[in-house]
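Trainee: Return atomic coordinates for the entry below.
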Amino acid sequence: MECCYHDRFYNLQLNISIFDLINSKQLANESIVEFLERFRQMRSKCNVLFPELEYTIIAIGNMIAQLQNDCLHKIV
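Mentor: Residues are numbered from 1 along each chain as shown. You can find the predicted model right below:
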């Protein structure tokens with residue numbers, strides 16, 4: 001439980017750059033829900049504001065290839 005508390009509330013990195021967001025790839029053993037939650041948490045700490053569509057495009061670009069294709073077909 002202490003570990004979960006520290007993961008959620010104790011973070012030494014206060015700001016996330018757009019470079020960090022672009023480089024946050026979905027891990028091989030990470031579900032899409034886990035990846036999107038991690039991406040959302042990083043985005044909330046990002047000091048650069050973009051329209052929601054830009055964040056969506058970044059998140060889709062960072063997903064594993066199979067999910068990228070599925071999501072891009074639904075957006076377009």
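
Trainee: shaky segments in the protein?
Mentor: Along the chain, the parts satisfying pLDDT under 70 run over 4-14, 66-76.

Trainee: which residues are in contact with the longest helix along it?
Mentor: In the chain, with assignment by DSSP state H, the single longest helix is helix 32-44. Residues outside helix 32-44 that contact it (CB atoms under 8 Å, 6 or more residues apart in numbering): 16, 20-21, 24, 26-27, 30, 55, 59, 62-63, 67. Glycine gets a C-beta too; all of them are placed from N, C-alpha and C.

Trainee: Sketch out the helices for this structure, chain order is fine.
Mentor: 2-9, 18-22, 32-44, 52-61, 65-75.

Trainee: Now the residue nearest to residue 63 when sequence neighbours are not counted. Its backbone dihedrals?
Mentor: Nearest residue to residue 63 in three dimensions, chain neighbours excluded: residue 26, at 5.0 Å (CB to CB, 6 or more residues apart in numbering). For residue 26, the backbone dihedrals (degrees, to the nearest 10) come out as phi -70, psi 130.
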